[in-house]
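In: Here is my input, please return the structure:
(2 chains)
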Amino acid sequence: RKEVEQDPGPFNVPEGATVAFNCTYSNSASQSFFWYRQDCRKEPKLLMSVYSSGNEDGRFTAQLNRASQYISLLIRDSKLSDSATYLCVVNPLLAAGNKLTFGGGTRVLVKP
Amino acid sequence: DVKVTQSSRYLVKRTGEKVFLECVQDMDHENMFWYRQDPGLGLRLIYFSYDVKMKEKGDIPEGYSVSREKKERFSLILESASTNQTSMYLCASSGQDEKLFFGSGTQLSVL
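Out: As a prediction, the model looks like this:
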């Protein structure tokens, strides 16, 4: 089983709709969680950290479910510019240093 | 804004050549990383460093080495480039909060 797994998609989303997707992780001791966004042929950029209590940043909401070992990202009122690949990142705390582990990414396509 | 600069956006090399990929960050970050990204395989960690002159192997270090002589600079070296090292190479840095900042990447083609 991969350490961090994501549904590759694509999720085809009508503009203005809500989309949500999950990321599962295998190591229950994982402590740090992040969502990154990557546009086509660009570098990944931090979208948001994921906190135990859940957190919101504008139209984006991230949740952590430790019991089931997954994090989620919800995008409300989708914009065309939200089309991107969303990467889940987890620190499994398996080794010294910040060895963050990336999921394979979930592709989201927002259409008019 | 944090800036992570990679020396080349596109690079074409021949099999067997020694290749240097340079990365510089301007935020005094302790941690620096080299990843490669391939279609269907996602981002894979090659090497990372959490201090000057320190280095740790990532998940796929074979065929690569690194150098960190100064805090702001982390170099990736392909001792003898091979065609299976054709890839997008991404450098990143982070501070104690683990938030990664990436360079814009180097697309390396080995012919």
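
In: where does chain B have low pLDDT?
Out: Chain B contains residues with pLDDT under 70 at B:1-2.

In: Quick one: distance of stretch A:50-60 to the chain centre.
Out: If you compare the mean C-alpha spot of stretch A:50-60 with that of the full chain, they lie 11 Å apart, counting by CA atoms, centre = their mean, to the nearest Å.

In: what does stretch B:84-91 give?
Out: 8 Å.

In: Quick check: buried residues in that stretch?
Out: If you call a residue buried by 16 or more other CB atoms under 10 Å in any protein chain shown, then stretch B:84-91 has these buried ones: B:85-91. Backbone N, C-alpha and C define where each C-beta goes, glycine included.

In: Strands of chain A, start to end?
Out: Taking DSSP state E, the strands of chain A run over residues A:4-6, A:11-14, A:19-25, A:32-38, A:45-49, A:55-57, A:60-65, A:70-75, A:84-91, A:101-102, A:106-111.

In: and the second one, what does it pack onto?
Out: When you say that, I think you mean strand A:11-14. In terms of contacts (3 or more CB pairs under 8 Å, 6 or more residues apart in numbering or on different chains; DSSP states H and E), strand A:11-14 is packed against strand A:19-25, strand A:106-111.

In: closest one to residue A:90 among those?
Out: strand A:19-25 (4.7 Å; CB to CB).

In: any residue of the closest one up close to chain B?
Out: No. For strand A:19-25, no contact with chain B is found by CB under 8 Å from any CB of the partner chain; the gap never falls below 12.1 Å.

In: Ok, which of the helices and strands packed on strand A:11-14 comes nearest residue B:100?
Out: Evaluated over those, closeness to residue B:100 peaks at strand A:19-25, with 16.0 Å, by CB to CB.

In: pLDDT averaged over that closest one - what is it?
Out: Strand A:19-25 shows a mean pLDDT of 96 in the predicted model.

In: what does stretch A:80-98 give?
Out: The pLDDT scores in stretch A:80-98 average 82.

In: Pull up the pairing partners for the one helix or strand residue B:20 maps to, direction included.
Out: Using DSSP states H and E, residue B:20 sits in strand B:19-21. Strand B:19-21 has its sheet partners listed here by DSSP bridges as strand B:73-78 (antiparallel).
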